[in-house]
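Enquirer: sharing a sequence plus its predicted fold:
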Amino acid sequence: MVNMIETKNLTKIYSDFTAVSNLNLNIKKGRIYGFLGPNGAGKSTTMKMFLGLTKPTSGSFQIDGMSYPNDRMRVLRKIGSFIESPAFYGNLSGEENLDIIRKILGLPKSSVSDSLKTVGLYEHRKRLAKKYSLGMKQRLGLAGALLGHPPILILDEPTNGLDPAGIHEIRTLIRSLPHKYDCTVLVSSHLLSEIELMADDIGILNHGRLLFEGTLSELKQYAKDSGLPIDNLEDTFLAMIEEDNLKRGSKR
Amino acid sequence: MSLLLEIKKLKRTGFFPAFLIGAILVACFPIINTAVRPENFINQNLPALDILMNANWQMIAMLNMFFLVIGSCIIYHTEFADHAMQKMEALPQSIGKLFINKTLILIGSIIFALIIEAASFIFCAYYWFNTDNSFLPDILKYFGYEFILLIPAALLIMIIASLCQNMWISLGIGVIGVFIATMLPTDNLILSFFPFAMPFQTLNNAIDNSWISPFLISSGIQTILFSIIEVCILKVRRNIA
């Protein structure tokens, strides 16, 4: 299967702190890739590099065969993104916020209502974004990413702040995206239980290093071979992180 | 198109009403100043425009500078308050163009304020000084000159506002800059080149001291310099982010 996103020894160092270290990711076209790791593992930094928001210290990456900085505009045209916290203009309504993004992307007017309906915000479209609840802001951010059905979606912890029903709804939506819009999704979370229900492939990151990449069944096999607990995947994940932390500690 | 988008982003921020009401209030200043003590002005043996400039411009220039400072803060606060800037940076558009469009809005708004202020000068000149129409080309020259001297200050305060995610920091820097400018003597050529101090210069003062060219050249150089600085900031920002 063709890789939509591919990184080669991607590294990001902030003065004395290595956020991402020699990362080699292979995100296949039309799949949902769950990017898993504890807080501060380097997930957001990696995603920011894909969006050109931060420059890699070394290494490289390709998105649909294109690279930064030469193809910046073309790459960004293909990506719908939602990074860290919801980003919006508080003084504008949900609809006006999406209309700004729509105009920048040169999309038809109908795309705004389509997107609002998809995330369940259509009824609240006229309300000022600053008056939205956290969950609604999260949905607005997601609507902005989905606008125009881009072939690549980069979603950084998209279910943060949502109630259980909202989490289920967004999870189901994300799950349906590759089938509905023929897109590739990179979604991050610090919860394996979350990723387990959404992703086809998983990448586990700790302290900027990739500990595992593969499908869920491959993860189970890997855990079995390594003597890690396999009854509960959350325990597998925690054991992997702990083992890596211990190794890092002994190296120091 | 992108300029219209930037205008749309300022909806409900109070930016345009602030400029409109502010400009009208500033325009009232020369009218009230002349109305309450006309004898102090109409008996002077100087052209009407020079009298009005000498009597009112320092106050008007200071208020115009405050407009620039507050305007730039509002413009960038909308971007930073709810992280909208992060979304803008992840979209296929040039952040340099975004800065240019925002600066154009600020400059356009200050042109609007200058036009209203010029209209109040015209009113004063006709009402109290009984001037003829030869006054009109002069007022264009005077206010055109003031506008050129305002451009570097507008660019500088926009750079400051674009760098400070916390609006209060850029507001504080701007206010300090304006107060420093008010303390600088207007008869010292070198000190008057401070970007925030240049708008306090008047054309009649520049003619008397043969300073027209130095100020126009300084304004041009500072405009180019600040534009280059902004380009460098955009490049460095991405590299160190």
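Expert: All right, it came through fine.

Enquirer: buried ones in the lowest-mean-pLDDT helix or strand in chain B?
Expert: When the helices and strands of chain B are scored by mean pLDDT, DSSP states H and E, helix B:203-208 comes last with a mean of 86. Under the neighbour-count criterion of 16 or more other CB atoms under 10 Å in any protein chain shown, helix B:203-208 has B:203-206 buried. C-beta: built from backbone N, CA, C; applies to glycine.

Enquirer: give me the distance between the residue nearest the centre of chain B and chain A.
Expert: Centroid-nearest residue in chain B: residue B:150, 4.5 Å away (criterion: CA atoms, centre = their mean). As defined by CB to the nearest CB, to the nearest Å, residue B:150 lies at a distance of 27 Å from chain A.

Enquirer: ok, that residue - contacts?
Expert: By CB atoms under 8 Å, 6 or more residues apart in numbering or on different chains, the contact set of residue B:150 is B:64, B:68, B:107, B:110, B:198-199.

Enquirer: can you list the residues you listed in CSV and add secondary structure, neighbour count and distance to chain A?
Expert: Below are the contacts of residue B:150 laid out as CSV (DSSP: H, G, I helix; E, B strand; the rest coil; neighbours: other CB atoms under 10 Å in any protein chain shown; distance: CB to the nearest CB, whole Å):
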residue, secondary structure, neighbour count, distance to chain A
B:64, helix, 26, 25
B:68, helix, 27, 21
B:107, helix, 18, 22
B:110, helix, 24, 22
B:198, helix, 22, 33
B:199, helix, 27, 29
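
Enquirer: and the two most separated of those residues?
Expert: Pairwise distances across these peak at 14.7 Å for B:107 and B:198 (criterion: CB to CB).

Enquirer: now the residue nearest to the centre of chain B, what's its secondary structure?
Expert: Assigned by DSSP: H, G, I helix; E, B strand; the rest coil, the conformation of residue B:150 is helix.

Enquirer: gap between it and residue B:19?
Expert: Distance of residue B:150 to residue B:19, given as CB to CB, to the nearest Å: 14 Å.

Enquirer: chain B against chain A: which residues are in contact?
Expert: The interface of chain B toward chain A, taken as CB under 8 Å from any CB of the partner chain, is made up of B:1-2, B:5, B:8-9, B:11-13, B:78, B:81-93, B:238-239, B:241.

Enquirer: can you list contacts of the least confident helix or strand of chain B?
Expert: By CB under 8 Å, 6+ apart, the residues outside helix B:203-208 that reach it are B:49-50, B:53-54, B:141-142, B:145-146, B:186, B:211-212, B:215.

Enquirer: could you redo the last one with a cut-off of 7 Å?
Expert: Applying CB atoms under 7 Å, 6 or more residues apart in numbering or on different chains, the contact partners of helix B:203-208 are B:50, B:53, B:141-142, B:145, B:186, B:212, B:215.

Enquirer: right, and the helix or strand after it?
Expert: Remark: after helix B:203-208, the chain's next helix or strand is helix B:212-240, criterion DSSP states H and E.

Enquirer: okay, and the beta partners of the residue of the stretch 151-252 of chain A found nearest chain B?
Expert: Per CB to the nearest CB, the residue of the stretch 151-252 of chain A with the smallest distance to chain B is residue A:154, at 8.6 Å. Counting by DSSP bridges, residue A:154 is bridged to residue A:81, residue A:186.

Enquirer: could you list the buried residues of whichever strand or helix holds residue A:247?
Expert: Under the criterion DSSP H and E, the helix or strand holding residue A:247 is helix A:233-251. Under the neighbour-count criterion of 16+ other CB under 10 Å, helix A:233-251 has A:233, A:236-237, A:239-241, A:244 buried.

Enquirer: any chance you could map the strands in the stretch 151-252 of chain A?
Expert: A:152-156, A:184-189, A:201-206, A:209-215 (DSSP state E, counting those that start in this stretch).

Enquirer: and residue B:25, which of those is closest to it?
Expert: Among the strands of the stretch 151-252 of chain A, the nearest to residue B:25 by CB to CB is strand A:152-156 (46.3 Å).

Enquirer: counting by contacts, list what the closest one packs against.
Expert: When contacts are defined as 3 or more CB pairs under 7 Å, 6 or more residues apart in numbering or on different chains; DSSP states H and E, strand A:152-156 packs onto helix A:43-50, strand A:79-82, strand A:184-189.

Enquirer: please save the CA atoms from the last one in PDB.
Expert: If I follow you right, that is strand A:184-189. Output of strand A:184-189 as PDB, limited to C-alpha atoms (Å, rounded to 0.1, in the frame of the first residue of the first chain):
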ATOM      1  CA  THR A 184      -6.100   9.400   5.200                       C
ATOM      2  CA  VAL A 185      -6.400  10.200   8.900                       C
ATOM      3  CA  LEU A 186      -3.600  10.800  11.400                       C
ATOM      4  CA  VAL A 187      -5.100  11.100  14.800                       C
ATOM      5  CA  SER A 188      -3.300  11.400  18.100                       C
ATOM      6  CA  SER A 189      -4.300  10.600  21.600                       C
END
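
Enquirer: tell me the angle of it relative to strand A:152-156?
Expert: Computed by axes from the mean of the first three to the mean of the last three CA atoms, to 10 degrees, the angle separating strand A:184-189 from strand A:152-156 equals 0 degrees.

Enquirer: contact residues of the stretch 1-150 of chain A facing chain B?
Expert: For the stretch 1-150 of chain A, the contact set with chain B under CB under 7 Å from any CB of the partner chain comprises A:51, A:53-55, A:73, A:76-77, A:81, A:83, A:85, A:87-92, A:100-101, A:103-104, A:130, A:144.

Enquirer: could you redo the last one with a cut-off of 8 Å?
Expert: For the stretch 1-150 of chain A, the residues in contact with chain B (CB under 8 Å from any CB) are A:48, A:51-55, A:72-74, A:76-77, A:79, A:81, A:83-92, A:96, A:100-101, A:103-105, A:128-130, A:141, A:144.

Enquirer: what about residue A:52, is that helix, strand or coil?
Expert: Residue A:52 ends up coil, using three-state DSSP.

Enquirer: for stretch A:228-246, give the mean pLDDT please.
Expert: What stretch A:228-246 shows for mean pLDDT is 83.
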